[in-house]
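Enquirer: Okay, predicted coordinates and the sequence, questions at the end:
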Amino acid sequence: MSRIPVYLLTGFLGSGKTTVLKKMVRSIKDKGKQPALIMNELGSENVEKELFEDEAMIELLNGCICCTIQDDLRNELIQFLKQNHDIDVLLIEGTGIANPAEIVESLTHPELIDQVSIQTIIGMVDASRYLEYQSLFQSSKEIRTMLKQQITSSTLLVVNKTDLIDEKKLKKVITKIEDVKMKDAPIVKAKYGDVSEKALFEKRFLTETVPVNNHSSHHHHHHHTHPFQAIKLEGIEVIDKKSFEEWLKEQGSILRAKGYIVFKGDRQLYSFQYATNQLELHSIESGKKTCIILIGTSLDQEKIRRSLTKFAKQIG
Ligand SMILES: Nc1nc2c(ncn2[C@@H]2O[C@H](COP(=O)(O)OP(=O)(O)OP(=O)(O)O)[C@@H](O)[C@H]2O)c(=O)[nH]1
């Protein structure tokens, strides 16, 4: 099944997300394709809804995708994709305070990862307020943390509202962003979100499914840079628990792992969560296929597949 391309837009309140979203909707429609939008508002009403009257839309109200309604996003999206087969592209705008990593989290859930393909995470930055938001005296720790999370998980950074500041201040803003952003994520300057289509739509996130028992050599070499990746490994029958933990820790560039596994000598199916070097296991009813989903930067899928093959018993 082919995955539906997904574009994520993130950025602090008022940074210009909706401005860019409108532009993206227009260019998708100009190509004769059908976009759908997911807009997430903190309040109980989405005031921007009327701007996108013609588009299929899921509204997630009364909460931020990143905290209270992550499960909602996943479930709504699963339902939505079942019912709307004519959608070509999905655009997701988080609230101004969403952490995009949490949206990536929902989209790479085992139930959803085969249906969607994140293309890029566009981080909007309000250049005219950035220094103020970073200032210890003028903002709060929460705001600084939020901005940092948004910038570190974006695969393209749009420094917007450059019309409101001078060249010197802009340079300072860009230097600060360069200090925290993902290595391969480019920075583009913009006024009213006037970023080229090429920059906005370029694929900068890779989602792949890799069968562990695939011994044939038709593995593709990706020459493009993908600063961010999600790899789904499938076809694993049982795995040795101790080796699995060690293996996860050895994969330095993994930010997050999850999936369903069965351990050697234990027929129980587990859902596992791995973050900040900690493995959490929850036994679940059988009925799900085993898989391991890895999210990280510069992952070498062939190396990962080979090292996993060493200690995992495979299906087929
Ligand atoms: N001066 C200036 N204003 C801009 C620019 N980009 C957007 N704006 C204006 O800033 C306001 C906020 O822009 P939006 O695109 O709604 O920002 P947003 O990130 O969606 O805002 P939230 O919904 O609060 O999260 C609007 O009035 C825009 O017209 C820019 O580059 N320069």
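Expert: It's in.
Enquirer: can you tell me how far the residue in the stretch 201-316 of the chain that the ligand sits nearest to sits from residue 115?
Expert: Going by C-beta to the nearest ligand atom, the ligand is nearest to residue 201 of the stretch 201-316 of the chain, at 18.2 Å. From N, CA and C alone the C-beta is placed, and that goes for glycine too. According to C-beta to C-beta, to the nearest Å, residue 201 and residue 115 sit 20 Å apart.
Enquirer: Could you do residue 81 as well?
Expert: Applying C-beta to C-beta to residue 81 and residue 115 gives a distance of 5 Å.
Enquirer: shared neighbours, those two?
Expert: residue 4 (C-beta atoms under 8 Å, 6 or more residues apart in numbering).
Enquirer: quick one on the thing from earlier: between residue 201 and residue 115, which has more neighbouring residues?
Expert: Shown here are residue 201 and residue 115; by other C-beta atoms under 10 Å, residue 201 has more neighbours (20 against 17).
Enquirer: measure the more buried one to residue 20 for me?
Expert: Taken as C-beta to C-beta, the span from residue 201 to residue 20 is 11 Å.
Enquirer: Repeat that for residue 249.
Expert: Distance from residue 249 to residue 20, counting by C-beta to C-beta: 39 Å.
Enquirer: Looking at the two, which is more packed in?
Expert: residue 20 (25 against 12).
Enquirer: mind listing what the nearest residue to residue 287 once chain neighbours are set aside touches?
Expert: Nearest-residue entry for residue 287: residue 269, 7.9 Å, with adjacent residues in sequence omitted and distances by C-beta to C-beta, 6 or more residues apart in numbering. Residue 269 is in contact with 260-262, 283-288, 290, counting by C-beta under 8 Å, 6+ apart.
Enquirer: near the ligand, which residues of the protein show up?
Expert: The chain comes close to the ligand at residues 11, 13-19, 96, 124, 160-161, 163-164, 191-193, as judged by C-beta under 6 Å from any ligand atom.
Enquirer: Mind giving me the PyMOL command for buried ones among the residues you listed?
Expert: One line in PyMOL is enough to select the buried ones among those; burial here means 16 or more other C-beta atoms under 10 Å:
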select buried, resi 11+15+16+17+18+19+96+124+160+161+193
